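Peer 1: I'll drop the sequence and a predicted model, then ask my questions.
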Amino acid sequence: MKPTPEDLEKFAQRALRDLPERRAPRSLEARVLAEIGRRAALPWWRQSFLHWPTAVRGVFFVLSAAAAAAIIAGLLGLARGPESAQWAQDLFQRFGWLFFLRTLCADSWQAAGDVYRAIPPLWLTGALAVVVACYATLLGVGAAAYRTFFHRT
């Protein structure tokens with residue numbers, strides 16, 4: 001009589017349960033405990049952020065937010081300032097390829113917008129429906145293949 005998968009599973013579980021538990025080598029245990037003690041003895045600023053005092057975490061958060069706000073305000077001020085046009089002109093004169101890249105991206109974006117506006121909305125809706133149908137078909141075929149080849153019940 002051929003054993004069933006359930007019988008084999010029970011046999012394997014019983015065999016593994018009967019094995020004696022293995023102990024870690026003494027040297028490994030001592031090294032792990034020493035590392036745990038070393039990490040616990042570190043000052044709070046050398047530990048992970050969650051070990052910092054709550055007040056210090058709050059101050060760090062406030063200072064980080066203030067620094068981010070200052071950087072954003074500075075960049076916006078730089079972009080809106082009267083010398084920004086001169087600065088951009090100097091930059092583009094020094095780096096000609098940067099001006100070329102900016103022009104290429106702007107022209108590509110303009111061309112993509114022109115193409116998008118030229119396509120009838122019904123075609124766009126139909127293309128979206130085809131993509132969704134293909135995706136649903138892919139999911140269905142994948143699920144069927146998984147049930148067929150891997151999921152044995």
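Peer 2: Sure, I can see it.

Peer 1: For A118, give its distance to V131.
Peer 2: Using C-beta to C-beta, to the nearest Å, A118 is found at 20 Å from V131. (Glycine included, C-beta is placed from N, CA and C.)

Peer 1: ok, the two, which is more surrounded?
Peer 2: Applying other C-beta atoms under 10 Å to A118 and V131 shows that V131 carries more neighbours, namely 10 against 7.

Peer 1: Helices of this structure, start to end?
Peer 2: For the chain, the helices defined by DSSP state H cover 5-18, 26-40, 54-80, 84-94, 96-118, 121-149.

Peer 1: just for the chain, where's the confidence low?
Peer 2: The model of the chain has pLDDT under 70 over residues 151-153.

Peer 1: hmm, back to that, show me the one of the helices of the chain that comes nearest R46.
Peer 2: Closest of the helices of the chain to R46 is helix 26-40, at 9.1 Å (criterion: C-beta to C-beta).

Peer 1: how far is that closest one from where the chain is centred?
Peer 2: 33 Å (C-alpha atoms, centre = their mean, to the nearest Å).

Peer 1: Provide the contact partners of that helix at residue level.
Peer 2: A24, Q47 (C-beta atoms under 8 Å, 6 or more residues apart in numbering).

Peer 1: With just CA atoms, put it into CSV.
Peer 2: Taking Å, rounded to 0.1, in the frame of the first residue of the first chain, the C-alpha atoms of helix 26-40 are listed here in CSV:
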residue,chain,number,x,y,z
ARG,A,26,29.6,28.1,24.0
SER,A,27,31.9,30.5,22.1
LEU,A,28,29.0,31.7,19.9
GLU,A,29,26.8,32.2,22.9
ALA,A,30,29.5,34.2,24.7
ARG,A,31,30.1,36.4,21.6
VAL,A,32,26.4,37.1,21.1
LEU,A,33,26.0,38.1,24.7
ALA,A,34,29.1,40.3,24.6
GLU,A,35,27.8,42.1,21.5
ILE,A,36,24.4,42.6,23.1
GLY,A,37,26.1,44.1,26.1
ARG,A,38,28.3,46.3,24.0
ARG,A,39,25.4,47.7,22.1
ALA,A,40,23.4,48.3,25.3
